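Engineer: Starting from these lines, generate the structure:
(chains A and B)
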Amino acid sequence: MNRLPGIIVLVAVVALVGAALVGLAEAGGSGGSFGRTAYVARLVWMGFVQAGLSALLSVVLGAAIALALARRPAFFGRGVLVTALNVATVLPAIVTVFAVVAVFGRSGWIGDLFRALGLGYGSWIYGLQGILVAHVFFNAPLAARVFLAALSAISPEQWRIAAQLGMPPGAVFRLIDWPVLRREAPGIAALIFLACFTSLAVVLALGGGPGNATLEVAIFEALRFEADFRGAAVLALLQLGICAVIVAPLVFFLGRRPPEAMSTGVFAERPDRASRATRWIDRVVLSVSAALVGAPLAAVAVAGIASLGALRDPAVPRALVASLAIGLPAGLLSALLALALATLGRSLRAKAGRRLADGIGLVAILMLVVSPLALSAGLFVVLRPLVDPFSVALPLIVLVNALVALPFTYRQIEPPLLVAGERYGNLADSLRLRGLARLRIVDWPLLRGPLIVAIAMATALSLGDLGVAAFFGGSRFATLPVLLYERLGAYRLDDAAAVALLLTLLTLVLFVIAQRWSNGGWIARPR
Amino acid sequence: MLVLDRLALTWPDFSVLYDLAVPRGALCSLIGPSGGGKTTLLQAVAGFARPVSGSVSFDGVDLTRLPPADRPLTILFQEHNLFPHLTAAQNIGLGLDPRLRLTALQQRQVEEALARVDLAGLGRRRPAELSGGQRQRVAIARAIVRDKPLMLLDEPFTGLDPGLRQDMIALVDTLRRERGLTVLMAIHTPADAATVSELMAFIDEGRVAAVGPPAEVLAMRIPALDRYFRR
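Structural biologist: All right, here's what the predicted structure looks like:
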């Protein structure tokens, strides 16, 4: 297998990221954003509080949802609920902001209900509470998805043994479910913590002022309003350092292949379904989660349909074109980068041993800890002497978005590529299948699905991107999330509703495509 | 006496109907082609599959509607008889208390059961640290502490070396003689079972197609058996 593309991509990615960070650190600016130590310390502390609470709440709620769904494999509306949960995990962050405001905001559904009942309803959604609601809205379903996959992989024999032994529900939880949940929790908690720690759109729109700002928001503001590159660089490096420490356990989690279900293929009923206690717990958990996830999604649909007329605004089709012009190439590029890296990793695994090959996976995961904004700003600074960065804004946004999605595309593509090598490598060698013929006959049938999933996923991620597009594009080059953010900021909620619905529908289309081709491996979310 | 009386189960593409009687303390081996209904028979007796009609009873007690935990039996599967995250001793202990809160006396019983299956000292190992044969002996040890009069074996020794397989069958045979157990054992190597079985049942296309002492069944000239043995 040809290693050249992989080597080029590897060197290019490392060089780009390195150059961007160095360039950023050496660029000018007041450095004011990092001059005040107390301010930075507060940013970090608030980040930890906000992301820690988000991760904790999401994991606990996610585990409860997963257990309830595992215990109830068939009830009226289960399919709809599972779809709603899945959609919540892929909704762009800025759309989530809109949805949360539409339900919980002062003039949202709940406010209307309170006023109809003659009760007062103050705005509580701006601040830490609002950030938590939005983060839990899309991260609890993500955790539920991971937990449910793990619980479903418990072999039917285990349930039969438990049934035969007469294990009561409490013991089933303690002896069978809990070990599985405990095994999965650290990885998913770290992933959620990381996403919330670097969260931009939610904190920007719902934070309610500098008191709740995170490092990523501070980077955004340093760049956008103060042009303080040096300050942004310091903040970005600080964020990178903290995230790198958090990502360490995640390397294990992401590098691990999803467990293969060990089963005889025969379905076995869980023995803890009949108890009155679990029935009531599941009823409450499922109703609450249906309301928490369903109401915001319904709000997007209802408000969007009510203000479809706002789509006639010429800014909307322009933003749609801009979004697609960024999202589709970024998705394709990200998948190609991942394919090149994974192919290199596979050939190194065979020849040079595991450690080097794992290092390549690490490069992909590295992108999780690099602030996309810092990367954009760094590239901007590096390119400034050579070319007007704004004249090449489009390719730059595509590139940064492709890099940001790399951890997710790599995770989609690497496992099936390895399987293709391990399972059919010797057979292919013995038949002298090489190069393109091998790619076409052996690898392609196994890779087609994962590639489509990866492209759809990466495209959805870039469609939801707010920060990078806002930094480069500004108002000249507004994508749908940028437009949505501006309209939310101007309290033009009707105009915002139409854009939110449009963005949701685009994401849904990609989600349906990915769902069709995946085996349940969708773990990605826009920042 | 274990009695399956016109015990019927149906699925959209498959249905079975069993008639079988096994005297108390006897070992009855079940032979027949894969997909013929051996496993389904055992699952129905254990209570994991719901019959549409007929009955299964043991020593005159009707088991047909009882939940799995209330039936006087232990079943061993071909694989995954142990919880992979629990130690061998914990897996055995579950047979004494499904909440796994064991008294000192019960812990001694676990140790004795481990010694009985020649695994003394290995109680702290997890299933992944045991060989395939050792794992099945842990499952047998759990059956010992559960102390139920009926034992169902769903090809649990498939995949073991021939010598080991015969050792395990001998262990099962010794246990049932000591304790007066009634044993139903699905097996795909009839010769291994012939010497220890009082009865042999040939299960084909969801029916008990032939039943009797092993020598007689193996010598019967019916087309399905001839096909099974390629003779």
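Engineer: and A:Trp109, how many neighbours?
Structural biologist: 17 (other Cβ atoms under 10 Å in any protein chain shown). Where you see a C-beta, it was placed from the backbone N, CA and C, and this is true even at glycine.
Engineer: Now it. Nearest residue, chain neighbours left out?
Structural biologist: Spatial nearest neighbour of A:Trp109, excluding adjacent residues (Cβ to Cβ, 6 or more residues apart in numbering or on different chains): A:Val103 at 5.0 Å.
Engineer: State the mean pLDDT of whichever strand or helix holds B:Ile75.
Structural biologist: Under DSSP states H and E, the secondary-structure element containing B:Ile75 is strand B:73-76. In this model, strand B:73-76 has a mean pLDDT of 94.
Engineer: So which bits of the stretch 101-250 of chain A are right by chain B?
Structural biologist: Counting by Cβ under 8 Å from any Cβ of the partner chain, the residues of the stretch 101-250 of chain A close to chain B are A:155, A:157-158, A:160-168, A:170-171, A:174-176, A:179.
Engineer: And those, which of them are buried?
Structural biologist: A:155, A:157-158, A:160-165, A:167-168, A:171, A:175-176 (16 or more other Cβ atoms under 10 Å in any protein chain shown).
Engineer: with those residues in mind, which one is nearest to B:Asp5?
Structural biologist: If you rank these by distance to B:Asp5 using Cβ to Cβ, A:Gln164 comes first, at 22.7 Å.
Engineer: Secondary structure element holding the residue nearest to A:Trp109?
Structural biologist: Using DSSP H and E, A:Val103 falls in helix A:93-104.
Engineer: just B:Asn91 next, same as before
Structural biologist: Assigned by DSSP H and E, B:Asn91 falls in helix B:88-93.
Engineer: Could you do A:Gly6 as well?
Structural biologist: Going by DSSP H and E, A:Gly6 is part of helix A:4-26.
Engineer: for the record, mean pLDDT for that helix?
Structural biologist: pLDDT averaged over helix A:4-26 gives 86.
Engineer: what's the answer for stretch A:488-507, then?
Structural biologist: For stretch A:488-507, the per-residue pLDDT averages 89.
Engineer: next one: stretch A:191-207
Structural biologist: Rounded mean pLDDT across stretch A:191-207 is 89.
Engineer: quick one, domains of chain B?
Structural biologist: B:1-72+B:159-231, B:78-147 (automatic domain parsing).
Engineer: Reformat these as TSV; add mean neighbour count and distance to chain A.
Structural biologist: TSV is the format used below for the domains of chain B (neighbours: other Cβ atoms under 10 Å in any protein chain shown; distance: least, Cβ to the nearest Cβ, whole Å):
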stretch	mean neighbour count	distance to chain A
domain B:1-72+B:159-231	17	3
domain B:78-147	18	4
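Engineer: for the chain, which helix is longest?
Structural biologist: Because you didn't say which chain, this covers chain A. helix A:315-351 (DSSP state H).
Engineer: The intended chain is chain B.
Structural biologist: Longest helix in chain B, counting by DSSP H: helix B:162-179.
Engineer: farthest pair in the buried ones among the residues of the stretch 101-250 of chain A next to chain B?
Structural biologist: A:Ser155 and A:Pro168 (20.6 Å).
Engineer: in the stretch 151-300 of chain A, which ranges drop under the pLDDT threshold?
Structural biologist: A:249-267 (pLDDT under 70).
Engineer: Would you point out which residue of it is nearest chain B?
Structural biologist: The nearest approach of the stretch 151-300 of chain A to chain B comes at A:Gly166, 3.1 Å away (Cβ to the nearest Cβ).
Engineer: and the residue nearest to that residue when sequence neighbours are not counted, what is it in contact with?
Structural biologist: Closest residue to A:Gly166 apart from its sequence neighbours, by Cβ to Cβ, 6+ apart: B:Ala69 at 3.1 Å. Counting by Cβ atoms under 8 Å, 6 or more residues apart in numbering or on different chains, B:Ala69 touches A:Ala163, A:Gln164, A:Leu165, A:Gly166, A:Pro271.
Engineer: Of the residues you listed, which belong to helices?
Structural biologist: Short answer: these in helices (DSSP H) are A:Ala163, A:Gln164, A:Leu165.
Engineer: If we only consider those residues, which is nearest to A:Ile326?
Structural biologist: A:Ala163 (53.3 Å).
Engineer: Quick check: the closest one touching A:Pro271?
Structural biologist: Yes. Using Cβ atoms under 8 Å, A:Ala163 makes contact with A:Pro271 at a distance of 4.0 Å.
Engineer: what do the two both touch?
Structural biologist: With Cβ under 8 Å, 6+ apart, A:Ala163 and A:Pro271 have common neighbours B:Pro68, B:Ala69.
Engineer: quick check, nearest of the buried ones among the residues of the stretch 101-250 of chain A next to chain B to B:Thr158?
Structural biologist: Among those, and counting by Cβ to Cβ, the member closest to B:Thr158 is A:Glu157, at 14.4 Å.
Engineer: shouldn't that closest one be in contact with B:Phe77?
Structural biologist: Yes. With contact defined as Cβ under 8 Å, A:Glu157 reaches B:Phe77; the gap is 5.1 Å.
Engineer: Leaving out sequence neighbours, find the closest residue to A:Val202.
Structural biologist: Closest to A:Val202 by Cβ to Cβ, 6+ apart is A:Ala134, at 4.6 Å.
Engineer: Next one: the residue nearest to A:Trp109 relative to A:Ala405, how far apart?
Structural biologist: Noted for A:Val103: a distance of 29 Å to A:Ala405, by Cβ to Cβ, to the nearest Å.
Engineer: So for the longest helix of chain B, mean pLDDT?
Structural biologist: 92.
Engineer: Provide the contact partners of that helix at residue level.
Structural biologist: B:25, B:27, B:117, B:133, B:136-137, B:140, B:144, B:147, B:149, B:151, B:153, B:156-157, B:160, B:181-183, B:185, B:189, B:192-193, B:196.
Engineer: Strands - which of the residues you listed land there?
Structural biologist: Residues of those located in strands (DSSP state E): B:Leu27, B:Met151, B:Leu153, B:Thr182, B:Val183, B:Met185.
Engineer: need the contact list for the fourth one.
Structural biologist: Put plainly, it is B:Thr182. B:Thr182 neighbours (Cβ under 8 Å, 6+ apart): B:Leu2, B:Val22, B:Pro23, B:Arg24, B:Gly25, B:Ala26, B:Leu27, B:Phe58, B:Pro149, B:Leu150, B:Met151, B:Arg176.
Engineer: Quick check: the fourth one touching B:Asp59?
Structural biologist: The one in question is B:Arg24. Yes. The criterion here is Cβ under 8 Å, and B:Arg24 meets it with B:Asp59 at 6.7 Å.
Engineer: what do the two both touch?
Structural biologist: By Cβ under 8 Å, 6+ apart, the residues touching both B:Arg24 and B:Asp59 are B:Met1, B:Pro149.
Engineer: secondary structure element for B:Arg6?
Structural biologist: Using DSSP H and E, B:Arg6 falls within strand B:2-11.
Engineer: B:Gly121 now?
Structural biologist: Under the assignment here (DSSP H and E), B:Gly121 is part of no helix and no strand.
Engineer: quick one: contacts for it?
Structural biologist: B:Leu114.
Engineer: Please state the offset of the helix-or-strand element of chain B with minimal mean pLDDT from the chain centre?
Structural biologist: Taking mean pLDDT, DSSP states H and E as the measure, the helices and strands of chain B show their lowest mean at helix B:190-194, namely a mean of 88. Centroid separation for helix B:190-194 versus its chain: 15 Å, with Cα atoms, centre = their mean, to the nearest Å.
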